[in-house]
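[1] no FASTA, just this:
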């Protein structure tokens, strides 16, 4: 079976599943990224046929860029979902101030416990979230928390990988189709690093500045007073061209040494530490 037919089968499986979920009101964990945006769009389309309500629940945390919440509000208005924002302080509530290797599990569990509480207030029993097939094959301890809490992951259940999610989002005309991922700011620090909101704000400002130079995928990984820049290899020219401005700005933020990672951008690069520990 060719890739197009396989993709079509996955898409139909997703749509059929969503039609079943739309038999009652639904809550969709909505971050504003491509995965949750696609899920919300299909949920709203399915609910329109059944007359049920869709609640888009955005968790506002200080571990994610603030602008993500503003974008989420706009998308919900466009799709006709009832938007709910929950404020969560993960560092305190999830107990992850020391950035443990189990951070993602603890954080995800705390967030979805709050979402479940809100859903219960609304008498909503079906809670959906946007994990895709690719997420099942990398280090994602938060998925364990989702399963423990009975949260449904329709994209992953349908077998849709990230590339297929983006393709489907583009077919629906979603502006988020090509949007790069924006994982939580704690991923910029080695496991075991004591976190505080000042450090997280520094990283957010630093990455915002780099993106302002035209960088698409970029991460500012922090190792003490060292700022390690990860970017796509085709963006290295931009970094060298603006080398003086970049080093000057990042030093103003408090970093002493500014480095460029020659391996380039790679998701989950801090998880390499876990692999080496397992080998010891």
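    Thanks, I have the structure now. Values in this document were obtained by computation on a predicted structure and should not be read as measured data. Numbering: from 1, shown residues only.
[2] Excluding chain neighbours, what is closest to the residue nearest to the spatial centre of the chain?
    When the chain is reduced to its mean C-alpha position, the closest residue under CA atoms, centre = their mean turns out to be residue 183, at 4.6 Å. The shortest distance from residue 183 to any residue that is not its chain neighbour, by CB to CB, 6 or more residues apart in numbering, is 7.5 Å, and that residue is residue 267. From N, CA and C alone the C-beta is placed, and that goes for glycine too.
[3] List phi and psi for that neighbour.
    With angles defined as degrees, to the nearest 10, residue 267 shows backbone torsions of phi -70, psi 140.
[4] contacting residues around it?
    Under the criterion of CB atoms under 8 Å, 6 or more residues apart in numbering, the contact list for residue 267 reads 138, 181, 183.
[5] and stretch 27-38, how far from the chain's centre?
    On the basis of CA atoms, centre = their mean, to the nearest Å, the separation between the geometric centre of stretch 27-38 and that of its chain is 9 Å.
[6] mind listing the strands for this protein?
    In the chain, the segments counted as strands under DSSP state E are 26-29, 54-61, 82-88, 126-128, 218-223, 226-231, 257-260.
[7] Deepest-packed of the ones you listed, please.
    Among those, strand 26-29 has the highest mean neighbour count (mean count of other CB atoms under 10 Å), at a mean of 27.
[8] starting at the chain centroid, how far to it?
    On CA atoms, centre = their mean, the centre of strand 26-29 falls 16 Å from that of its chain.
[9] so where's the stretch 51-200 of the chain uncertain?
    Low-confidence segments of the stretch 51-200 of the chain, defined by pLDDT under 70, span residues 65-69.
[10] Apply 80 and report the result again.
    62, 64-72, 181-182 (pLDDT under 80).
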